[in-house]
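# I'd like to go over a predicted model; first the sequence, then the structure.
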Amino acid sequence: MNSANTNSRSGLMQPGTIAGKSSGLPQPSRSKSVTQAPETRKTGTSTTSRSATGTTRVHTRANSTSTRSASTASRSGHFSSTVGYGARPPAAGTVPRSQSSLGTRKPAGQSITRPATSLDTHDEEPAGSVLGKRKGAEWDQDTREKTMEEFFNAFVSRVSQAGQESFGLKETVELYKTRVSELEASRKEGTEANLLLRVELETMKSQLSKADDALKDAQRDHEIAMDDIDQKQRVETETMRQENKKQLEALKAQHQDEVREITRRFERELDDEKAMRHREVNQMTSQTALDTQRTRIELETKDREIATLQGDLQTLRNEMERERKSNLDLRQNLDTASTNSVTLESSIRALKARIEFLESGREEQSQAFEQINQRMMDAAAETEETKEKLRKEETLRRKLHNQVQELKGNIRVFCRVRPPLKEESVTSVAQIQYPDESEDSKEISIIGPEEKSSLGAVSRKNSNFSYDRVFGPSTQNAEVFEEISQLVQSALDGYNVCIFCYGQTGSGKTHTMSSLDGMIPRAVHQIYATAQQLEEKGWTYTMEGNFVEVYNENLNDLLGNADELDKKKHEIRHDMQRCKTIITDITTVRLESPEMVESLLKRAAANRSVAATKANERSSRSHSVFILKLIGQNSVTGERSEGTLNLVDLAGSERLSHSGATGERLKETQNINRSLSCLGDVISALGQGREGAHIPYRNSKLTYLLQFSLGGNSKTLMFVMVSPLQAHLAETLTSLKFATKVHNTHIGTAKRQARVRDS
Ligand SMILES: Nc1ncnc2c1ncn2[C@@H]1O[C@H](COP(=O)(O)OP(=O)(O)OP(=O)(O)O)[C@@H](O)[C@H]1O
């Protein structure tokens, strides 16, 4: 059964099996079924029409064969497809190829006769076969049986042959099967390898695609990064451009500010310069006018002056006589000394010649030498004696001078009345009289305004004052200076001297003190002239100047920077041991020549005008102090002197009630009044002369500054300046009363009694 099944599956029949079966089967039906099958396949329709029964059987067989053939075909198809896939069976020459139902090829030179199968087309069927005959014209039963017999025999032989062939084929099939299984295995391996390779390929592909993706990502990242960098750079460039632009604009603005500032400064300086020049022109104009006026007044007063001078001349003559006598004595001494000196020199020369001549005689020589030596020593002693005498004379002169000054009083008061100015009408001038004008010129009378009594009587109140000297309106600065020149000499001699100008605004203080021919320039000129004369007597002087201002109880440096006025703080310090005053941060100018004082005065005036808010206001509202330190050194005697000359131009003394001041002006006025009142208090305290008594120097900046120049061994002179105007009468009287108070003060050894007469 198995082999039958296998054959049935393969479509091939074992020879034995087929023979056995053939014996059991009726031959006609067997022949029918065998012969019918190809026909059915070829001409199915025509067979059916010949016999219905036979047709049905044939159909069954045909179907069964068809099933087998289909199965074989399916197997052969599978084989063919398996072998055909790549692993071909051994060459046709060595292994006989099995004849499949689908085989259409006939291997060339094949030795085994191929069995006829139901599926064969029988192309090589002999011409004399039954089938060939069927196509023939004659057809009978016997022939037919015979033919069938033959055919059957042939068939049997063929079947046996086919059985043999089948065996060979079976082996071949087995071989093929083994081969097929090998091929199958190798195919499986190949497939697996292929699969692996495919997997690998897929992996590689996926890796490649990943790498591709990664590359793309990297490229994208790179592009993004590049874009970012580009963006950043653009932003940075933009920021830098903006910053640069800002900086440029700032620099431009700064530059413009600077240019504006410089322009402003230049304009300011130009304005200042213009103002200064304008002031100078005005000053020069007024100076010229003054000079003209002065010349006229000078001419008018010439005769009067001559008369006064004649009197003075007489006094001077007497003094001169005394001086001449002492000078004569000194000259005689000097002449004697000079003569002696000349004689000695000629003697020395003669003796030198004689020494040479007398070289041989040793004794005479030594005697002569001794004589000469003696003479020389005598002459030197005599010269020294003369010099000593001269020095003593100078010391004596200083002592006498000081005594004279002391006798005159260590505090003196001069009164000066200025002339009416051009613009002031004659009617506005007050009545002022000078009772002793032709004698001592020490008195002044102020005739008050007309007053009506209750009874209707008209009267005038006269106020009389007496001082050390009264100068009328015609007096010039030169004449005033003559009176104070001896005080300047005291400063050179080592005393502290203080000269004040007191009076209301416009009364002539600045004119007296600081004008170009005022007391300050004159004092400096005199000091230079005297210092030069004293050089012969061994004195050398150095002069240092400060110019300060006391404004609203603040100290300002008038020789310093104008911008620092009222801003920079200066302190006053006293060296109580050496009686010296030091001002911190002050400009000290060494006066090398008398001409320098002019530039100093101009500098101070310019500084004051910068600080002024209205013309002339500053000088009226502050006290100015010109401090001249005179340090003398005598190289012969070793003497040393240190004197200070203080020239003070006080602020306007008008009373608060009269000034009607408010605000800043009120403060200024209060400060001025307070400091002037302090000055009065200090002088008054000094006048009481009590040893160790408290002197209120500290109550004001001015008195504190002048502490060592007020009182003690110092000499003080106060000018009370008077305006000639009727409108200023009340202030004039107040000033004169204050001056009287000062005049009545006794400082030092001299004591005087001033007279104040009211009528
Ligand atoms: N003796 C004089 N001879 C001629 N002119 C004078 C005399 N005294 C003063 N003057 C003139 O009077 C005017 C006022 O004088 P000055 O400025 O000296 O007064 P002052 O008291 O210093 O005023 P202030 O307190 O305002 O500084 C000036 O024009 C000045 O030239």
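Arrived safely, thanks for sending.
# Following element in sequence after the host helix or strand of residue 385, please.
If you go by DSSP states H and E, residue 385 is part of helix 362-408. Per DSSP H and E, helix 362-408 leads on to strand 411-417 as the next helix or strand towards the C-terminus.
# Quick check: which helices or strands does that next one pack against?
strand 469-471, helix 477-492, helix 663-687, strand 715-722, helix 729-743 (3 or more Cβ pairs under 8 Å, 6 or more residues apart in numbering; DSSP states H and E). All C-beta spots, glycine's among them, are computed from the backbone N, C-alpha and C.
# and stretch 345-356, average pLDDT?
Across stretch 345-356, pLDDT averages out at 78.
# cool, stretch 717-726 as well?
Average pLDDT, stretch 717-726: 93.
# Correct me if wrong, but residue 624 is in a helix.
No: counting by DSSP: H, G, I helix; E, B strand; the rest coil, residue 624 is not found in a helix; it is strand.
# Show me which residues of this protein are close to the ligand?
Residues of the chain that fall close to the ligand, judged by Cβ under 6 Å from any ligand atom: 290, 418-419, 421, 503, 505-511, 616, 619-620, 652, 721.
# Mind telling me which residue of the stretch 251-400 of the chain is nearest the ligand?
residue 290 (5.9 Å; Cβ to the nearest ligand atom).
# what's the angle from the stretch of helix or strand that residue belongs to to helix 477-492?
If you go by DSSP H and E, residue 290 is part of helix 141-357. Using axes from the mean of the first three to the mean of the last three Cα atoms, to 10 degrees, the direction of helix 141-357 lies 90 degrees away from that of helix 477-492.
# Who are the packing partners of helix 141-357?
helix 15-24, helix 27-50, helix 52-84, helix 130-134, helix 362-408, helix 596-611.
# So what's the residue count around the closest residue to the ligand within the stretch 51-200 of the chain?
Per Cβ to the nearest ligand atom, residue 200 is where the stretch 51-200 of the chain lies closest to the ligand, at 119.5 Å. With neighbours defined by other Cβ atoms under 10 Å, the count for residue 200 comes to 12.
# Same question for residue 731.
Neighbours around residue 731, by other Cβ under 10 Å: 23.
# Would you confirm that residue 641 belongs to a strand?
Yes: assessed with three-state DSSP, residue 641 lies in a strand.
# That one: what's its closest spatial neighbour, skipping adjacent residues?
residue 494 (3.1 Å; Cβ to Cβ, 6 or more residues apart in numbering).
# Give me the phi and psi for the one you found.
phi 110, psi 20 (degrees, to the nearest 10).
# quick one: pLDDT of the residue positioned nearest the centre of the chain?
Centroid-nearest residue in the chain: residue 254, 12.0 Å away (criterion: Cα atoms, centre = their mean). You'll see residue 254 listed with a pLDDT of 89.
# Numbering from 23 from now on, please.
Taking 23 as the first residue, the last one we looked at is residue 276.
# For the residue nearest to residue 663, which residues are in contact?
Contacts for residue 516 (Cβ atoms under 8 Å, 6 or more residues apart in numbering) come out as 652, 654, 663, 664, 665.
# between the helices and strands packed on strand 433-439, which one is nearest to residue 232?
helix 685-709 (93.5 Å; Cβ to Cβ).
# Just the CA atoms of the helix or strand that that closest one is followed by, as CSV, please.
For helix 685-709, the following helix or strand on the C-terminal side (DSSP H and E) is helix 723-727. Provided in CSV are the C-alpha atoms of helix 723-727 (Å, rounded to 0.1, in the frame of the first residue of the first chain):
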residue,chain,number,x,y,z
LYS,A,723,37.6,139.7,63.8
LEU,A,724,39.1,143.1,63.2
THR,A,725,40.3,143.7,66.8
TYR,A,726,41.5,140.1,67.1
LEU,A,727,43.5,140.6,63.9
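# Run the chain-centre distance for helix 723-727.
43 Å (Cα atoms, centre = their mean, to the nearest Å).
# Which secondary structure elements does it sit against?
strand 561-573, strand 576-579, strand 594-597, strand 645-656, helix 685-709.
# try 6 Å this time
In terms of contacts (3 or more Cβ pairs under 6 Å, 6 or more residues apart in numbering; DSSP states H and E), helix 723-727 is packed against helix 685-709.
# looking only at pLDDT, what's the mean for the helix it packs on?
Mean pLDDT, computed over helix 685-709, is 84.
# which of the residues in that helix are buried?
Residues of helix 685-709 classed as buried: 690-691, 693-695, 697-698, 700-705, 707-709 (neighbour count, 16 or more other Cβ atoms under 10 Å).
# same question, stretch 464-484
Buried-residue list, stretch 464-484, by 16+ other Cβ under 10 Å: 464, 465, 466, 467, 468.
# ok, now stretch 590-606?
For stretch 590-606, by 16+ other Cβ under 10 Å, it's 590, 592, 594, 601, 603, 605.
# End to end on it, go ahead and measure it.
Start and end residues of stretch 590-606 are separated by 10 Å (Cα to Cα, to the nearest Å).
# Show me how far it is from its chain's centre.
38 Å.
# Just give the closest residue to the residue of the stretch 373-522 of the chain found nearest the ligand, not the sequence neighbours.
In the stretch 373-522 of the chain, the residue that lies nearest the ligand is residue 440 (3.4 Å; Cβ to the nearest ligand atom). Nearest residue to residue 440, sequence neighbours excluded (Cβ to Cβ, 6+ apart): residue 530, at 3.7 Å.
# neighbours around that neighbour, how many?
Residue 530: 22 surrounding residues under other Cβ under 10 Å.
# Is residue 519 within a helix or a strand, and which one?
Here residue 519 is assigned to strand 518-524, by DSSP H and E.
# List the contacts of the helix or strand just after that strand.
Sequence order places helix 531-535 as the next helix or strand after strand 518-524, per DSSP H and E. Helix 531-535 is touched from outside by 523, 525, 540, 541, 641, 669, 671, 743, with contacts defined as Cβ atoms under 6 Å, 6 or more residues apart in numbering.
# The first one contacts residue 741, doesn't it?
Pointing back at residue 523 there. Yes: counting by Cβ atoms under 6 Å, residue 741 is a contact partner of residue 523 at 4.7 Å.
# So the two - more neighbours on which side?
residue 741 (30 against 27).
# need the contact list for that one.
So residue 741 contacts 436, 438, 523 (Cβ under 6 Å, 6+ apart).
# Run a quick neighbour tally on the first one.
Put plainly, it is residue 436. Using other Cβ under 10 Å, residue 436 is surrounded by 24 other residues.
# Single out the residue in the stretch 473-622 of the chain that lies closest to the ligand.
For the stretch 473-622 of the chain, Cβ to the nearest ligand atom, closest residue to the ligand: residue 530, 2.8 Å.
# Can you verify my assumption that that residue contacts residue 442?
No: assessed by Cβ under 6 Å, residue 530 is found out of contact with residue 442, at 11.2 Å.
# about what we covered before: closest one of the contacts of residue 741 to residue 749?
The closest of these, once distances to residue 749 are taken by Cβ to Cβ, is residue 438, at 18.8 Å.
# Just the element for residue 559, please.
Element membership for residue 559, per DSSP H and E: none, as it lies in no helix or strand.
# Not counting sequence-adjacent ones, nearest residue to it?
According to Cβ to Cβ, 6+ apart, the nearest residue to residue 559 is residue 416 (5.3 Å).
# shaky segments in this structure?
Applying pLDDT under 70 to the chain picks out residues 23-161, 380-384, 386-387, 418-419, 421-431, 632-641, 677-684, 711-713, 768-781.
# Quick check: the closest residue to residue 401 other than its chain neighbours vs residue 360, distance?
Of all residues not flanking residue 401 in the chain, residue 366 sits nearest, at 4.2 Å (Cβ to Cβ, 6+ apart). Per Cβ to Cβ, to the nearest Å, residue 366 is found 10 Å from residue 360.
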